[in-house]
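**Student:** coords below, sequence missing:
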């Protein structure tokens, strides 16, 4: 046990206490207007990225930016192994930056990129790609791997599966998170949207989930064929209309596991990942609450079912 791990655990637990939590977040969702909700949120730890008078997109971006800032602070206290694991789970922010870059390359409005700092992996080499074909070439030379096609949808899908694979490699609870989420992603594309997976995505999904479930003819058959580390997300779900419940179940498990890891007795990577996960779930819930508040604070039934 090193001093860096002790400091990392202490910092992780301190940052986790900056969450809004389910109760306060639900109250935020009940706000009569987005302006009211943003004003309340700006006076919380999310005020690092959220300011009064922001619109919905800006406030949601600010919530995510606050999460990223907390993760960057935490990474600075960790030994190399901890920072590497944190960088893996924080790769969502690099994905978000790539999503926005794809929108700009298609001449569509896009949000500002997140400042990744030491949590970035390839963004510094990707951000000035001149076109989508050039972006694909740079991705192929990075840890993300070749998406197989210079097509925005394919790139987004393949990179998400690539991220899931990296999280899966962390082992332990993270392997089940990644497998379950990858299963939901694949099921959503195949049975929700009715789209065949491009070859590069198919290969990545096969490696993580197995060829038999990935190529199953129906959602129920896919769920039945999945291994235990992914099947949990689909319990009781055999129709595409229920996939939203599978996604919600992923968030529920993340929060439950993250809390257990955060409170665990070890001084290794467990409490660090636990803090990152519970902070991420809180940010996800806050972003959903802002969406509800922007509609006048209801219907709360939809919010409760999701968050």
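**Tutor:** All right, it came through fine. Only a predicted model underlies this, so the values are computations on that prediction, with no experimental measurement involved.

**Student:** give me every residue that touches the nearest residue to residue 2 once chain neighbours are set aside.
**Tutor:** Once flanking residues are discounted, residue 2 sits nearest to residue 79: 6.2 Å by C-beta to C-beta, 6 or more residues apart in numbering. Bear in mind the C-beta positions are built from the backbone N, C-alpha and C, glycine included. Contacts for residue 79 were tallied using C-beta atoms under 8 Å, 6 or more residues apart in numbering; they are 2, 4-5, 8.

**Student:** now do 10 Å
**Tutor:** With contact set as C-beta atoms under 10 Å, 6 or more residues apart in numbering, residue 79 has these partners: 2-5, 7-8, 268-269.

**Student:** Same check on residue 274?
**Tutor:** 9, 12-13, 16, 173, 257-264.

**Student:** Can you check the pLDDT for it?
**Tutor:** For residue 274, the pLDDT comes out at 97.

**Student:** any idea how far residue 259 is from it?
**Tutor:** 7 Å (C-beta to C-beta, to the nearest Å).

**Student:** Now the common contact residues for these two.
**Tutor:** Common neighbours of residue 274 and residue 259 (C-beta under 10 Å, 6+ apart) are residue 16.

**Student:** Which other helices and strands does the helix or strand residue 161 falls within contact?
**Tutor:** Element membership of residue 161 [criterion: DSSP states H and E] is helix 152-168. When contacts are defined as 3 or more C-beta pairs under 10 Å, 6 or more residues apart in numbering; DSSP states H and E, helix 152-168 sits against helix 80-89, helix 92-105, helix 132-140, helix 173-187, helix 199-209.

**Student:** Give me the residue ranges of the protein where confidence is low.
**Tutor:** 1, 298, 302, 306-307 (pLDDT under 70).

**Student:** Longest helix of it, counting residues only.
**Tutor:** Using DSSP state H to define each element, the chain has its longest helix at helix 269-293.

**Student:** Can you name the next helix or strand after it?
**Tutor:** Sequence-wise, the next helix or strand downstream of helix 269-293 (DSSP H and E) is helix 300-306.

**Student:** now that following helix: how far from the chain's centre is it?
**Tutor:** Distance of helix 300-306 from the chain centroid (C-alpha atoms, centre = their mean, to the nearest Å) equals 20 Å.

**Student:** Excluding chain neighbours, what is closest to the spatially most central residue of the chain?
**Tutor:** Most central in the chain under C-alpha atoms, centre = their mean is residue 92, positioned 5.2 Å from the mean C-alpha point. Spatially, and ignoring its direct neighbours in sequence, residue 92 is nearest to residue 163 (7.2 Å; C-beta to C-beta, 6+ apart).

**Student:** Which positions in stretch 280-300 come out as buried?
**Tutor:** 280-294, 297 (16 or more other C-beta atoms under 10 Å).

**Student:** out of the contacts of residue 79, who's nearest residue 252?
**Tutor:** Lowest distance from residue 252 to the contacts of residue 79 (C-beta to C-beta) belongs to residue 269, with 22.4 Å.

**Student:** contacting residues for the closest one?
**Tutor:** Shown in contact with residue 269 (C-beta under 10 Å, 6+ apart): 5, 8-9, 78-79, 81-86, 170, 172, 174, 261.

**Student:** just the buried members of the contacts of residue 274?
**Tutor:** 9, 12, 16, 173, 257-259, 261-262.

**Student:** Now, those residues that are in helices?
**Tutor:** Cross-referencing those against helices under DSSP H gives 9, 12, 16, 173, 257-259, 261-262.

**Student:** What is the nearest of the residues you listed to residue 71?
**Tutor:** residue 12 (10.2 Å).

**Student:** I'd say that closest one and residue 268 touch.
**Tutor:** No - contact criterion C-beta atoms under 10 Å: residue 12 and residue 268 do not qualify, at 11.1 Å.

**Student:** possible to save the helices and strands packed on helix 152-168 as TSV with distance to residue 52?
**Tutor:** Output for the helices and strands packed on helix 152-168, formatted as TSV (distance: least, C-beta to C-beta, whole Å):
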stretch	distance to residue 52
helix 80-89	31
helix 92-105	24
helix 132-140	36
helix 173-187	34
helix 199-209	42
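
**Student:** list residues touching both of residue 12 and residue 268?
**Tutor:** Here residue 12 and residue 268 have residue 82 as joint contacts, going by C-beta under 10 Å, 6+ apart.

**Student:** how far does whichever strand or helix holds residue 243 sit from the chain's center?
**Tutor:** Counting by DSSP H and E, the element that carries residue 243 is helix 243-262. Its chain's C-alpha centre and that of helix 243-262 lie 12 Å apart, by C-alpha atoms, centre = their mean.

**Student:** Quick one: work out the angle between that helix and helix 269-293.
**Tutor:** 140 degrees (axes from the mean of the first three to the mean of the last three C-alpha atoms, to 10 degrees).

**Student:** Which strands and helices lie in contact with helix 243-262?
**Tutor:** With contacts taken as 3+ C-beta pairs under 10 Å, 6+ apart, helix 243-262 sits against helix 3-16, helix 173-187, helix 219-225, helix 269-293, helix 300-306.
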